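Engineer: pasted the sequence and its predicted model underneath.
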Amino acid sequence: MNKKVSIATLSAFLVATSPAMAVNEANTLYVNLELSLNRTTVGLVIQSISEQTGYEFSYDESILSKEISKVSVRVKNEHIESVLKKVFKNTDISYRIVDNRIFLQDNAKTENVSFASVQQVKRTIRGTVVDNTGLPVIGANVIVKGSAGVGTVTNVDGDFTLEGIEDGATLMISYIGYVDQEVAVAKGKNDYKITIHEDTQNLDEVVVVGYGTQTKVNLTGAVSTIGKDELINRPVTNVSSALQGLTPGVTITSGTGQPGSDGSTIRVRGVGTLNNANPYILVDGIETGTFDSIDPNDIESISVLKDAASAAIYGSKAANGVILVTTKRGKAGKATVSYNGNVSFSNVSTLIDRLSSYDYARLYNQLLTQDGASPRFTDEDLRLFQDGTDPYGHPNTVWTDYIYRTGFMHKHSLNVSGGSEDVKYMASAGFLGQEGTLRNSDRQQFNLRTNLDIKLSDKFTMRTNMAFIHNDYSEPNASYGGGSTQLIRQADRIAPWIPYKKEDGSYGSISDGNPAAWVDINSRKYHLLQNFSGILAFDYHIIDGLTFTLQGAYVTNIKETKDYRKECWYDDVNYHGPDQLGETISRWSRYTLDALLNYDKTFNQDHHFKAMVGYKIEKYDYRNLYAFRKSFPNSEVTDLNGGDSSTQTNSGYSRELALLSYFGRLNYDYKGKYLLEANFRADASSRFAKGYRWGYFPSFSAGWRISEEDFMENTHGWLQSLKLRGSWGLLGNQDAVSDEYYPYLPTLYIGKNFPFGGSVHQGITVVSHKVTTISWENSTNWGIGFDANFLNEFMLSAEYYNRKTSDIIMDIPVSDTFGISGTYQDNKGSLRNSGVEASFAWNHSFNKDWRMGINTNFSYNKNELLDLAGVNEIIDGYMINRIGEPYQSFYVYEVDGLFKSDEEAAAYEKQYGNPWSLPFKGGDFRIKDADGDGKLTDKDRVVKGTQQPKTTFGLTLSAGWKNFDLSVFMQGVTGTNRYFSRDVVGSFIGDTSHPSTNWLDAWTPENTNAEWPRLFLEENSISSPQRVNSSFWCMNTNYLRIKNVNLGYTLPKSWTNKLGIANAKIYYTGENLFTFDSLPFNADPESPSGNLDVYPISRSHSFGINVTF
């Protein structure tokens, strides 16, 4: 643990020892300070002094409530004593400097100190102060409450000793950024371990924002932060999974459980476009686009910029929100080495229960008979299926047993940090090895990161960041391709009466093969991802308050895929082959250069100005190459040149993009009460034609800290802060345009023949139509909200927002008069997202042993289409985009129960008609005449929700008792639906389907109150999702998930000291333990596919250790 600045409560100690104190002039003469602080707390001032000098402060908490609790300090190259004189001028506060410690004394309170309590001492008390992770707190202040002369600070091991303490005395422990703790001295107890907890109400918390930082209390935009403590000790392999449910307004849908692939979908305040709606992700200021390139253990904090006030500084890339990831950096002090390692075991959390061979055969016979056909299976077949005495001829194959396994993962992270005042460093290395729950899916990842801060002179500093990640992973592959998706799909649809292997050792198979055979022959798809990023930045302090920064960054990403499809002989007849190999290599690189000028000045103590102007250039290039061959000598040859050259194909393409930007920000606050901020950015993109390249993106925001007003003085005892804030701004989106090199130029084809002058001539024809006026999508945002901290334990924040996106790029059909078909892109669409979000936190320590906390967040979003290029609706199968409805709504016929009998069905058909050319029968869906016109038509389809949730929420419950800590994290969504295909529950078509057990409650003449419709063959019923898109198959996918449970135990210092360890903690973590939903089958409600053919999310149990030296 790095050495922390000590802020002690020891003014009484000063009185008892002041005669012996002497100011050490020699130590202060050569320590110069540079401070620029406006109307901030005394605590922050002395913390800044300590960070620059290494001096430690001790003072009584009552000093913070005096009239100097808000101060402004601006000094350049002044020594400590000169600064202290300015800070405490015209106050009752005096100071003494002894060695490397500065004692502050309130003279008004220490004139008549009694030493009675000191003279009544009886024994010596020893103890250790640790934080909530079990690490020792260095420099914590420990005093005896009510005593004028007894107090100390903890040493580098967090230990303290107090002499002359009587029974019944109360120890007061304080440390900046932590909640004060009181501990009663028990009779006969001399040794204590005291845990202090971070102060979640800390108003001086610094938040990372675009191109800088701000104190949380002065923020006027919508910014949510996630700290490193919320990410550690979890067996997650990507950052997006760890973020899910932690912050309001951010919806994360887990895409896949495949090792090495982060398929999560991230949406900030809804879907803001019909195109790419991904947020802008930066790691230490470098654009990454995903979280694949970072180890969660390297993260210090994450900031989510959700409105225009906070995100406009990023202009054309910020329309869908901005996520800023800040990695850990070194701090001055002795080297600290920490290790975090865990092992994890996982299993697939959701598998649909499917019919046994006996039940499937029985129901299949029943279906054939009711349709007038002969049954397929005899009574003897049914008996053999049921008793299992013929495993080869009448098997009951559970196909999932052959493709899934218990997954295993081991993860290790090593971090070293430290340094001096001139050089600070942080270096980390990580390794992850994983065997996925799907056989033949594996991963090995290695990552390195170094961050370095160097003070070259009093005015000149340098920063460097370098990171590298190597991610090598694979997935099983079918003999005809498709990867893990094809394997999962086939395992769910092959009938259980097909044997895994026949008696002669050959494979049983259907026309699509045997998924277990592909696993056995080790047919795989290989992926390799490598990412390198580097930053070199220089800061030059020109004059007091004025700093120039020049920063260059480079990031490159290489991804290789080897799609190897091994030939497979299932038996002497059935075969997939020959061997095939397709290789794809893609690479992108981004070069950026930023120049910034920052100014920070306070006038007359009350008027604080901050200004920043910047310039940025960016270049992006992309290359892609694909090659293919087949017919290899044998399945062990995996290089392309081993294939038959006559079968080879190849392709490739490239593109380059450039962006030029000018931007600026102005902040003003008056007495820390009235806050104003303005941002502006101008971007020019090479994606658009001349005359349409520039976009201009301003924002304005204001805040009012009501709690700082004089008329609120009587509330200071219980209300620490209350702030109202509002914002308006304009953001842009350039990523909506297609990836073509010049998307504004029409595509021409050379080689078309035209008759001219009595002969045929080669000519040119237009293949695709384009418009040169295509340009930015624009997003207008406004919102109002408040933030409150009260009773020193509670935090409440809420906001209403409204975001309208206009000029959305859409595909517009080409007019027939052009003589060509297809579509072209143009700025024609519009939609709105509006909603509310709120967060609440409570943390309380009941006594020295017990503590508890609650942290919850909630958000509601309404998505509404406003314009679709002049048309009212666009229908695509069971999906619709309609004015006034959410984007990509489900559009289906509404089911009003089941027909009880054939007679009821016939009467309904006679009354309302039947547009599907299939007679209604008993057990079929009763389709509702939704528009009430007396007949069934396609106008009776209704909007039935959308896949995007209306509400998202997260809840963390935490508790601690002595060395134990427990946290339970839950998250969920409401207002979301999913349309499920026939593959989910299966259909009755023989060998190529495996129905679910839901069909045991299918309608029959004897079971007319069934939950499920009558059995049917593929598409011979209106109940089939292949035949009629109905509301029955559009199901509610709301859920509540016990996402994470963490139980930890911090080893006692008496144990770790003997081993030379500063701190050690062991922990258990359960991930995705339970899910509560209303689905009628055991499926993951979060799955992005209505076919459920994606790599499933796993339930995992992890055991780990955290050690610090």
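Structural biologist: Structure received.

Engineer: give the contact list for residue 810.
Structural biologist: 274, 825, 826, 827, 828, 829, 868, 869 (CB atoms under 8 Å, 6 or more residues apart in numbering). In this view, the C-beta of every residue, glycine as well, is placed from N, C-alpha and C.

Engineer: can I have the buried ones of these as a PyMOL selection?
Structural biologist: The PyMOL selection below is limited to those of the contacts of residue 810 classed as buried (16 or more other CB atoms under 10 Å):
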select buried, resi 274+825+826+827+828+829+868
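
Engineer: and the contacts of residue 810, which is closest to residue 655?
Structural biologist: Checking these against residue 655 with CB to CB, the nearest one is residue 825 at 15.9 Å.

Engineer: hmm, that closest one is touching residue 808, no?
Structural biologist: No. Counting by CB atoms under 8 Å, residue 825 does not reach residue 808; the two are 10.4 Å apart.

Engineer: one step back: which two among the contacts of residue 810 are spaced furthest apart?
Structural biologist: Maximum distance among the contacts of residue 810 (CB to CB): 14.1 Å, for 825 and 868.

Engineer: which phi and psi does residue 355 have?
Structural biologist: phi -60, psi 150 (degrees, to the nearest 10).

Engineer: please enumerate the helices of the stretch 351-500 of the chain.
Structural biologist: In the stretch 351-500 of the chain, the segments counted as helices under DSSP state H, counting those that start in this stretch are 357-370, 379-387, 400-403, 483-493.

Engineer: rebuild the ones you listed as a markdown table, extending it with mean pLDDT, distance to residue 174 and mean neighbour count.
Structural biologist: Shown next, in a markdown table, are the helices of the stretch 351-500 of the chain (pLDDT from 0 to 100; distance: least, CB to CB, whole Å; neighbours: other CB atoms under 10 Å):
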| stretch | mean pLDDT | distance to residue 174 | mean neighbour count |
| --- | --- | --- | --- |
| helix 357-370 | 94 | 69 | 19 |
| helix 379-387 | 96 | 74 | 16 |
| helix 400-403 | 96 | 57 | 17 |
| helix 483-493 | 92 | 55 | 23 |
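
Engineer: nearest to residue 293, of these?
Structural biologist: helix 483-493 (22.2 Å).

Engineer: run the chain-centre distance for the closest one.
Structural biologist: 28 Å (CA atoms, centre = their mean, to the nearest Å).

Engineer: what of stretch 383-394?
Structural biologist: So, by CA atoms, centre = their mean, the centroid of stretch 383-394 is 49 Å from its chain's centroid.

Engineer: can I get it in CSV? Just the C-alpha atoms.
Structural biologist: Provided in CSV are the C-alpha atoms of stretch 383-394 (Å, rounded to 0.1, in the frame of the first residue of the first chain):
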residue,chain,number,x,y,z
ARG,A,383,-40.7,-50.0,-25.0
LEU,A,384,-37.0,-50.2,-25.9
PHE,A,385,-36.8,-46.3,-25.7
GLN,A,386,-38.4,-46.4,-22.3
ASP,A,387,-36.4,-49.2,-20.6
GLY,A,388,-33.0,-48.3,-22.2
THR,A,389,-32.0,-51.9,-22.9
ASP,A,390,-30.9,-51.1,-26.5
PRO,A,391,-28.4,-48.2,-26.3
TYR,A,392,-27.3,-48.4,-29.9
GLY,A,393,-30.6,-49.1,-31.7
HIS,A,394,-32.9,-47.2,-29.3
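
Engineer: contact partners of it?
Structural biologist: So stretch 383-394 is contacted by 356, 357, 358, 361, 377, 381, 396, 497, 499, 502, 503 (CB under 8 Å, 6+ apart).

Engineer: residue most distant from the centroid, the protein?
Structural biologist: Centroid-distance maximum for the chain: residue 758 at 66.8 Å, with CA atoms, centre = their mean.

Engineer: select the longest strand from the protein.
Structural biologist: Among the segments of the chain that qualify as a strand by DSSP state E, the longest is strand 644-670.

Engineer: can you list contacts of stretch 482-492?
Structural biologist: 258, 352, 354, 399-400, 402-403, 438, 441, 475-478, 480, 512-513, 515-516, 518-519, 525, 563, 983, 986, 994, 1091-1096.

Engineer: mind giving me the PyMOL select for those residues, buried ones only?
Structural biologist: In PyMOL, this line selects whichever of the contacts of stretch 482-492 come out buried by 16+ other CB under 10 Å:
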select buried, resi 258+352+354+399+400+402+403+438+441+475+476+477+478+480+512+513+515+516+518+519+525+563+983+986+994+1091+1092+1093+1094+1095+1096
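
Engineer: inside strands: which ones of the contacts of stretch 482-492?
Structural biologist: Residues of the contacts of stretch 482-492 located in strands (DSSP E): 475, 476, 525, 563.

Engineer: TSV for the contacts of residue 810, including distance to residue 1031, secondary structure and pLDDT?
Structural biologist: Formatted as TSV, these follow (distance: CB to CB, whole Å; DSSP: H, G, I helix; E, B strand; the rest coil; pLDDT from 0 to 100):
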residue	distance to residue 1031	secondary structure	pLDDT
274	25	coil	89
825	34	strand	87
826	35	strand	90
827	35	strand	91
828	31	strand	93
829	27	strand	94
868	24	strand	95
869	29	coil	93
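
Engineer: tell me the one among the contacts of residue 810 nearest to residue 596.
Structural biologist: residue 827 (32.0 Å).

Engineer: what helix or strand is the residue nearest to the closest one when sequence neighbours are not counted located in?
Structural biologist: Nearest residue to residue 827, sequence neighbours excluded (CB to CB, 6 or more residues apart in numbering): residue 807, at 3.8 Å. In this structure, residue 807 sits in strand 794-813 according to DSSP states H and E.

Engineer: low-confidence ranges, the stretch 151-300 of the chain, go.
Structural biologist: Scanning the stretch 151-300 of the chain for pLDDT under 70 picks out 176-177, 198-204, 233, 235, 263, 289.

Engineer: all strands of it, in order?
Structural biologist: 151-153, 159-165, 170-174, 181-184, 191-195, 206-209, 212-215, 223-227, 250-253, 265-268, 280-283, 286-287, 299-305 (DSSP state E, counting those that start in this stretch).

Engineer: dump the ones you listed into JSON lines; add distance to residue 615 as well.
Structural biologist: Below are the strands of the stretch 151-300 of the chain laid out as JSON lines (distance: least, CB to CB, whole Å):
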{"stretch": "strand 151-153", "distance to residue 615": "47"}
{"stretch": "strand 159-165", "distance to residue 615": "52"}
{"stretch": "strand 170-174", "distance to residue 615": "45"}
{"stretch": "strand 181-184", "distance to residue 615": "49"}
{"stretch": "strand 191-195", "distance to residue 615": "49"}
{"stretch": "strand 206-209", "distance to residue 615": "19"}
{"stretch": "strand 212-215", "distance to residue 615": "16"}
{"stretch": "strand 223-227", "distance to residue 615": "24"}
{"stretch": "strand 250-253", "distance to residue 615": "31"}
{"stretch": "strand 265-268", "distance to residue 615": "27"}
{"stretch": "strand 280-283", "distance to residue 615": "18"}
{"stretch": "strand 286-287", "distance to residue 615": "17"}
{"stretch": "strand 299-305", "distance to residue 615": "21"}
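
Engineer: of all these, which one is nearest residue 863?
Structural biologist: Closest to residue 863 of the strands of the stretch 151-300 of the chain is strand 265-268 (CB to CB; 9.9 Å).

Engineer: please name every helix or strand in contact with the closest one.
Structural biologist: On a contact count with 3 or more CB pairs under 8 Å, 6 or more residues apart in numbering; DSSP states H and E, strand 265-268 meets strand 250-253.

Engineer: tell me the strands beside the strand it packs on, with direction?
Structural biologist: When pairing is defined by DSSP bridges, strand 250-253 lines up against strand 265-268 (antiparallel).

Engineer: other residues contacting the partner strand?
Structural biologist: Contacts of strand 265-268 with the rest of the structure, by CB under 8 Å, 6+ apart, involve 240, 249-253, 255, 277-279, 304, 306, 320-321, 323, 948, 1088.

Engineer: possible to save the contacts of residue 810 as JSON lines with distance to residue 1014?
Structural biologist: Output for the contacts of residue 810, formatted as JSON lines (distance: CB to CB, whole Å):
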{"residue": "274", "distance to residue 1014": "39"}
{"residue": "825", "distance to residue 1014": "47"}
{"residue": "826", "distance to residue 1014": "48"}
{"residue": "827", "distance to residue 1014": "50"}
{"residue": "828", "distance to residue 1014": "46"}
{"residue": "829", "distance to residue 1014": "43"}
{"residue": "868", "distance to residue 1014": "39"}
{"residue": "869", "distance to residue 1014": "43"}
